[in-house]
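In: Okay, sequence plus prediction incoming.
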Amino acid sequence: MPDRSASPPTRRVVDIVSLLATSGEPISVAGIAERLGIARATATAILTELDAAGWVVRDPARGYGVGPALAGLHGAALPRGVGDILGALAARTGYGATFSRIEPDRLTVLDVRHGSDRVVPGIPVGHRIPLQFPAGASVMPWRSASEQNTWLGTATDTDRRIAGALLALVRDRGVAVFRPRADDAGMVDLLADLLGAVGSELLQPHLRTRALRQLAALTSRPFSRAELDSDEVLPLSYLAAPVFDANGSAAYEVQLGPLRTATTRRERDDFIEATRATARDLTAALTAGRNG
């Protein structure tokens, strides 16, 4: 994605529509403004126009959802309850969680829930990134050989040597686990704290994108099998687990971002189990939502 939007006002409309189209429940003006990091007055003005066009509707509790005009184009939104499941993961662990759709060429964030222990703003609903190694590692073992080869082709020579082992490990354990590269744990901690202190509403989109790219680059070293089974205290960036749709395809992933400079094996095991359990619950919700 480009660092600067060619039309920021249009980008805000797209962000609001994307948020509502992928939410399983109505969202208030304040909630929309908070999640997207925009002024409440801006959100209100956009929603008023979308309401007039039939693209959104407001319920009695003053929450907004997809309107009939947009629903006809978009199809069914994510099943009700998906947001609650993701929120429960954030509440259980204290850290932020995201739910994303994984397409052959991109990852698109569909929902974001902040944790209580550390809030790292800047990842809005609708945010898209190119699908390059290691993004999407949690779903790749269940993708076609051609998709895997394309994905592996985006890795550096060094990463390509560990990519095969990563896919085997993810298929075996049902989760991808990442840590900072080399001695970058302190820098990850600093960057995450700075992002949290600034606040997404004060961060210009192109700066937010650059900061997120830098944070991703620093936190994307996959855990090896030996590290996952180690009793050592190790840094932990994030975890991701595959979520399957009604057709049995690994179409989505749930991601948890502790961004911890030190974790015990028990803590890592707890994070892994929480992430996998949430992936199972999301799979059940998606399957029930499509089939019900």
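Out: Now that the structure is in, tell me what you want to look at.
In: Gly31 and Glu103, how far apart?
Out: Relative to Glu103, Gly31 is positioned 27 Å away (Cβ to Cβ, to the nearest Å). From N, CA and C alone the C-beta is placed, and that goes for glycine too.
In: More neighbours: which of those two?
Out: Gly31 (16 against 13; other Cβ atoms under 10 Å).
In: now the strands for this protein?
Out: 27-28, 56-58, 63-66, 96-102, 106-113, 128-130, 176-179, 221-222, 234-236, 238-244, 250-257, 260-263 (DSSP state E).
In: For Ala279, find the nearest of those.
Out: Nearest to Ala279 among these is strand 238-244 (3.7 Å), distances taken as Cβ to Cβ.
In: Low-confidence ranges, the stretch 51-200 of the chain, go.
Out: Along the stretch 51-200 of the chain, the model assigns pLDDT under 70 to residues 68-78, 118-127, 182-200.
In: Let's see that with 90 instead.
Out: Low-confidence segments of the stretch 51-200 of the chain (pLDDT under 90): 51-63, 65-83, 96, 101, 103-132, 156-162, 180-200.
In: can you pull out the helices in it?
Out: 68-74, 82-93, 145-152, 157-173, 185-198 (DSSP state H, counting those that start in this stretch).
In: Of all the residues in the longest one, which ones are buried?
Out: Of the residues in helix 157-173, 159, 162-163, 166-167, 169-170 count as buried by neighbour count, 16 or more other Cβ atoms under 10 Å.
In: now what about that helix, what contacts it?
Out: 133-134, 137-138, 140-142, 148, 152, 155, 176, 222-225, 228, 272 (Cβ atoms under 8 Å, 6 or more residues apart in numbering).
In: gap between Glu232 and Arg173?
Out: 18 Å.
In: burial of the closest residue to Gly63 other than its chain neighbours, as a residue count?
Out: Nearest residue to Gly63, sequence neighbours excluded (Cβ to Cβ, 6 or more residues apart in numbering): Pro26, at 2.9 Å. Pro26 has 18 neighbours, counted by other Cβ under 10 Å.
In: Distance check, Pro26 against Leu86.
Out: 16 Å.
In: Show the contacting residues for the spatially most central residue of the chain.
Out: Nearest residue to the geometric centre of the chain (Cα atoms, centre = their mean): Thr98, 3.2 Å. Contact partners of Thr98, counting by Cβ under 8 Å, 6+ apart, are 86, 109, 111-113, 123, 254-255, 257.
In: Which one (most neighbours) among those residues?
Out: Neighbour-wise, these (other Cβ under 10 Å) top out at Val254, 30 neighbours.
In: quick one: contacts for that one?
Out: Counting by Cβ under 8 Å, 6+ apart, Val254 touches 86, 89, 97-100, 240-241, 243, 275, 278-279, 282.
In: again with Arg225
Out: 165, 169.
In: at 10 Å instead, please
Out: By Cβ atoms under 10 Å, 6 or more residues apart in numbering, the contact list for Arg225 reads 165-166, 168-169, 172-173.
In: Can you check which helix is longest in the protein?
Out: With secondary structure taken from DSSP state H, the chain has its longest helix at helix 265-291.
In: tell me the mean pLDDT for that one?
Out: Throughout helix 265-291, pLDDT has a mean value of 91.
In: before we move on, back to that, and the residue nearest to Gly63, how close does it get to Ala41?
Out: 20 Å.
In: and Gly63, bridged to which residues?
Out: Ser28 (DSSP bridges).
In: That one and Val13, how far apart?
Out: 19 Å.
In: Show me the beta-bridge partners of the residue lying closest to Tyr64 once chain neighbours are set aside.
Out: Closest residue to Tyr64 apart from its sequence neighbours, by Cβ to Cβ, 6+ apart: Val56 at 5.0 Å. Here Val56 shows beta-bridge partners Val66, assigned using DSSP bridges.
In: which ones are touching Val56?
Out: 16-17, 20-21, 26-27, 46-50, 64-70.
In: can we see that at 8 Å?
Out: If you count contacts by Cβ under 8 Å, 6+ apart, then Val56 has 20, 47, 50, 64-67, 70 around it.
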